[in-house]
Each structure stands twice: as C-alpha cells, then as structure tokens.
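[1] Give me coordinates for this.
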Amino acid sequence: MGPDVEVVGVQYPGRAGRFREPFPESLERLGREVGEAIATLDERPTALFGHSLGALVAYEAARCLEEIGQAPVHLFASACRSPQTAESRPPIAALDDEALAAELMKMGGTDALVLEDLELRDLVLPYTRADFTLLEAYAPSAEPLAVTPVLALSAIADPYATGAEMAGWSEATQAGFRMERFAGDHFYLVPRQEEVLAMLRVALGGRRTGAERQGEAPSEDLLMRLGRSATALLDSADDDIAPFSWAVARPETD
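    Numbers count the residues shown, from 1 in each chain. Modelled structure (predicted):
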C-alpha cells in the first residue's frame, strides 16, 4: 500500500494467536468488537477492507464506528453479497466433516493438502464451520450506513457473490456507491493483487474522510487498515487458512 499507509490485520477469536478463545457469538457482535478496538487507536482516518465474510464484519464495524462518531474513510466490500441481499444458497454449517471439506474444496482458497491431512483438517474445519454459522445466522439492521461510502469489488466468475448480489451494496449506504469488476472467481484478489491494491490507493487518495463528513478537523494523512482476510492481498506467509478475508488501512503522521 506504500510507505504512507499502515496496514493492520484483524485476528478473529478461535484461530491462530487467539486459538484458545471461543468463537464469536454473532457476526454483529464480532463487527462491533472490531469497531470498538479500532476506536481505541489514534485518530487517523481508517478505511475497512473485507473479503467474503470479512466484508460483512467490516460493514458491522463501520456501523459501530459511525455510531461513536469515528466514521471510516471508506468501506471496501469484496466478493460478498450485500447485507440487504438474502442468502439464496443452502446452508452448509451443519454438514458433516467430509461434506464441509468438499464444499471448501469447491470454493477454492484452501490448499487441498490441508484438507487431505486429517490432523490439519481437524484444526481448520472447526473455525471454518464457525464462520459459516455466523454467516447463516446473520440478521443485519435495515438501516444503511449514513456517511461511509462503499466500493464493491466483484469477480466476474464468482458463483458465491454474483454481480447482482454485489450491486446490492448500493442499498447498504447513503454516502455513495460504486462497483468495480475483475476477471476471476471468488479468490480473484490473489492473481489480481496489483490491480486491487492500485484501485484501493486511488480510492483512498480521492475521498473525503469520515471526520470531514461529520464536521471534524480532518487528518492530513490517510491511513488504511487492512483486516483479517486481506492476508492474500498482502502476500502474507501466514499458514492459517481462511476462506473469508478482510482488511483495514490508515496513513502515517509525523
């Protein structure tokens, strides 16, 4: 993202360094906890990026930040149906391990060797199942974001977040919406990393901050925080497999 941008990852409970913590009780609560954690940082502007389930977490975090007067610069929603779009696919959280592993293989993004190794699979499937449980139980507020613009990133060949479902993000905000489409499937952002990062830089450079929209003195720097599932964007060597990604970003001040 460049030297003037600080990238901060969001680590969900129940995995990696927080492995021993219980899984989140709801997507809404997880998003609020993320928003409250961001609010304790310095006052530099923050943008949120979420991929797949992470887009909904980022959306709930943005709602929290708006409520406390620290609205994000931007919400980037990648490869995820909008909160206002009903899920049309059958639930899979309750599938047995074999069937759930098969669904993950079909989705892509998880190394086949991980799912074939029973010990590794026993580590991956519980938090993956927890993610699907959050998604399938999600009941968002009907109220759209008030001052946070949304940019939706959609992949042309993504069967899990179609162009029509991604366009539904226009109903998630009153502060401006547009959608960019990329070649690829649900994990388009891995081969299209440079294109995605370039688009994020342009979007951040040309937008007013949430502070400006709320009548506060804006920071000169733009900081963007990239969340959990942005590990793919960052070309991270993290060996924690996550089919759901997201990120946040923020600029450095002197």
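[2] Contacts only, for Arg18.
    Neighbouring residues of Arg18 by CB atoms under 8 Å, 6 or more residues apart in numbering: 11-12. To be clear about C-beta, it is placed using only N, CA and C from the backbone, and glycine gets the same treatment.
[3] quick one: what helix or strand has Glu66 in it?
    If you go by DSSP states H and E, Glu66 is part of helix 53-67.
[4] same for that helix, what does it pack against?
    Other elements packing on helix 53-67 under the criterion 3 or more CB pairs under 8 Å, 6 or more residues apart in numbering; DSSP states H and E are helix 27-39, strand 47-51, strand 74-78, helix 118-137, strand 245-251.
[5] Name the stretch among these that sits most buried.
    Among the helices and strands packed on helix 53-67, ranked by average contacts under mean count of other CB atoms under 10 Å, first place goes to strand 47-51 (a mean of 33).
[6] Okay, buried residues for the helix holding Glu66 please.
    Neighbour-count burial for helix 53-67, counted by 16 or more other CB atoms under 10 Å, picks out 53-66.
[7] Same check on stretch 176-190?
    For stretch 176-190, burial by neighbour count (16+ other CB under 10 Å) applies to 177, 182, 184-189.
[8] any idea how far the residue nearest to the spatial centre of the chain lies from Met199?
    Centroid-nearest residue in the chain: Gly50, 1.5 Å away (criterion: CA atoms, centre = their mean). Separation of Gly50 from Met199 (CB to CB, to the nearest Å): 15 Å.
[9] How about Pro45?
    Distance, Pro45 to Met199, by CB to CB: 18 Å.
[10] Which one's more surrounded, the two?
    Using other CB atoms under 10 Å as the criterion, Pro45 and Met199 rank with Pro45 on top: 27 against 16.
[11] now the more buried one: how far from Thr173?
    17 Å.
[12] try Arg129
    31 Å.
[13] How about Ala152?
    Taken as CB to CB, the span from Ala152 to Thr173 is 10 Å.
[14] Leu153 too?
    Per CB to CB, Leu153 is found 15 Å from Thr173.
[15] who's more crowded, those two?
    Leu153 (27 against 20).
[16] Please identify the helix or strand for the more buried one.
    For Leu153, the host element (DSSP H and E) is strand 150-155.
[17] Can you tell me what sits against that strand?
    74-79, 82, 161, 163, 166-167, 169-170, 172-173, 175-186, 188-189, 196, 199, 203.
[18] swap the cut-off to 6 Å and go again
    Contacts to strand 150-155, defined as CB atoms under 6 Å, 6 or more residues apart in numbering, come from residues 75-78, 163, 166, 169, 172-173, 177-182, 184-185, 188, 203.
[19] Same question for stretch 68-82.
    39, 45-49, 51-52, 55, 58, 62, 65, 147-153, 158, 161, 165, 168-169, 172, 186, 207, 209-210, 214.
[20] now that stretch, how far from the chain's geometric center?
    Chain-centre distance of stretch 68-82: 8 Å, with CA atoms, centre = their mean, to the nearest Å.
[21] re the thing from before, what is the nearest of the buried residues of stretch 176-190 to Ile92?
    His186 (14.4 Å; CB to CB).
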